[in-house]
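> Need the 3D shape of this:
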Amino acid sequence: MGRPRNPKDAWLPPRVYRGKSAYEWRPKEGGAVKLCSLDARRSDVWRAYEDISKSGKGLFTVAKLIDLFLESANFKDLKPGTQDDYRECKAKLVAVFGKAPPSAVKPENVRHYMDRRGQTSRSRANRERTFLSLVYAWGYERGLVKMNPCQGVKPFKAKARDRYVQDWEYRAVYDRAPESVQRAMEIAYLCAARQGDVLELKRIQLQEEGIYICQGKTGKKQIKQWSERLRQATVRYGDIISPYVIHTQDGHKYSASGFKAMFKRSRDLALKEGAITESFTFHDLKAKGISDFEGDKRRFSGHQSISQMEKYNRKAEVVPTIGSEQSSQTRPE
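From the prediction side, this is the model:
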């Protein structure tokens, strides 16, 4: 049964109700679709209802379930970097599942999606599965869906990343990048910072001792001490006064996807021109910074444990061999 109807609204079409500002059609699968304003004529309300019924646009779909989640307080409570990442996930998922009713998506459909997506990126397949599962779990708690098709679908086993970016590889991409990307690369490398923390960096965080960074993922607060190279990376550029250290031409913060595309173009150009032979990600620059740092790497990285830090310490250790200079100095008598 639908919700009780006010007697004065008996003329309304099936499952159409007065909302706060408009007449809304509320399909049995959940959600609400605005038809027209509350001051519209009865004939206009019926016409809008008939149009949406014939077109099928009023159906509650996976795309609409995702949109409801993105408008929710749960989503807004997430960190900005996570929000940007999930919006990227949305684009991929909607292209495949968007027009289907949520109940039509089964675990085998999610598995098939992951197997195909995993051919290009297993990490992104895992991430998109996580996002879809989060959306369905949110919808389940609110009576919008009856099951979560991601339950029981195993993610790909994560392979520890061990890519170390050589100095000449770094320089090859740096030389082909626009200024904003160059500066972001320098801050990420010199401070062992994640992309999200670099893009969120504001000028108010540039303090006398160094750059104040609160890591978005761990919450660790640090002041990264100044070096001349780091100061150069944070000098204002362009004619725009912006609160952000790294910003667009109109002074706004870069979105995660927009910045990622810029870095990718620079890296792919270096690959195309043969300046580098193997791809690497922006996040690999944090690992390069930790690997190259000579000192207390755990303290520098902000990780709580040595095991966490070692995941980013990717530079091959140089050890003596029999007959090498170091081994001869320690040779037993």
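> check contacts around Leu78.
Tyr86 (Cβ atoms under 8 Å, 6 or more residues apart in numbering). Where you see a C-beta, it was placed from the backbone N, CA and C, and this is true even at glycine.
> so how far is Phe69 from it?
As defined by Cβ to Cβ, to the nearest Å, Leu78 lies at a distance of 11 Å from Phe69.
> try Arg236
38 Å.
> Who has more neighbours out of those two?
Neighbour totals were compared for Arg236 and Phe69, and Phe69 leads with 21 against 11 (other Cβ atoms under 10 Å).
> which SS state does that one fall under?
Assigned with DSSP: H, G, I helix; E, B strand; the rest coil, Phe69 falls in the helix class.
> Once you drop chain neighbours, what's closest to it?
Val135 (4.7 Å; Cβ to Cβ, 6 or more residues apart in numbering).
> how about the helix or strand hosting the one you found as PDB, C-alpha atoms only?
Using DSSP states H and E, Val135 maps to helix 122-141. Presented in PDB, the C-alpha positions along helix 122-141 are these (Å, rounded to 0.1, in the frame of the first residue of the first chain):
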ATOM      1  CA  ARG A 122      42.500  -4.400 -10.700                       C
ATOM      2  CA  SER A 123      42.900  -1.600  -8.100                       C
ATOM      3  CA  ARG A 124      40.200   0.500  -9.700                       C
ATOM      4  CA  ALA A 125      37.900  -2.600 -10.100                       C
ATOM      5  CA  ASN A 126      38.300  -3.100  -6.300                       C
ATOM      6  CA  ARG A 127      37.600   0.600  -5.600                       C
ATOM      7  CA  GLU A 128      34.500   0.700  -7.800                       C
ATOM      8  CA  ARG A 129      33.200  -2.500  -6.100                       C
ATOM      9  CA  THR A 130      33.700  -0.900  -2.700                       C
ATOM     10  CA  PHE A 131      31.800   2.200  -3.800                       C
ATOM     11  CA  LEU A 132      28.900   0.300  -5.200                       C
ATOM     12  CA  SER A 133      28.700  -1.800  -2.100                       C
ATOM     13  CA  LEU A 134      28.600   1.300   0.000                       C
ATOM     14  CA  VAL A 135      25.800   2.800  -2.100                       C
ATOM     15  CA  TYR A 136      23.700  -0.400  -1.800                       C
ATOM     16  CA  ALA A 137      24.400  -0.700   2.000                       C
ATOM     17  CA  TRP A 138      23.200   2.900   2.400                       C
ATOM     18  CA  GLY A 139      20.100   2.200   0.300                       C
ATOM     19  CA  TYR A 140      19.300  -1.000   2.200                       C
ATOM     20  CA  GLU A 141      19.200   0.800   5.500                       C
END
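> helices or strands up against that helix?
helix 62-70, helix 80-97, helix 107-117 (3 or more Cβ pairs under 8 Å, 6 or more residues apart in numbering; DSSP states H and E).
> ok, now which ones touch the residue nearest in space to the middle of the chain?
The residue lying closest to the centre of the chain (Cα atoms, centre = their mean) is Asp85, at 1.6 Å. Counting by Cβ under 8 Å, 6+ apart, Asp85 touches 127, 256.
> roughly how far apart are it and Gln182?
Applying Cβ to Cβ to Asp85 and Gln182 gives a distance of 23 Å.
> So what would you say the end-to-end distance of stretch 96-113 is?
8 Å (Cα to Cα, to the nearest Å).
> Equivalent analysis for stretch 71-83, please.
Start-to-end, stretch 71-83 (Cα to Cα) is 11 Å.
> host element of Leu35?
strand 33-37.
> Pairing partners for that strand, with directions?
strand 22-25 (antiparallel) (DSSP bridges).
> hey, C-alpha coordinates of the strand it pairs with in PDB?
Extracted C-alpha coordinates of strand 22-25, given in PDB (Å, rounded to 0.1, in the frame of the first residue of the first chain):
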ATOM      1  CA  ALA A  22       6.600  20.300  -6.100                       C
ATOM      2  CA  TYR A  23       4.300  17.400  -6.900                       C
ATOM      3  CA  GLU A  24       6.400  14.200  -6.800                       C
ATOM      4  CA  TRP A  25       5.900  10.700  -8.200                       C
END
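> what's next to that strand, contact-wise?
So strand 22-25 is in contact with 12-13, 15-18, 32-38, 40, 45, 48-49, 52, 58, going by Cβ under 8 Å, 6+ apart.
> 7 Å instead, please
15-17, 32-38, 40, 45, 49, 52, 58 (Cβ atoms under 7 Å, 6 or more residues apart in numbering).
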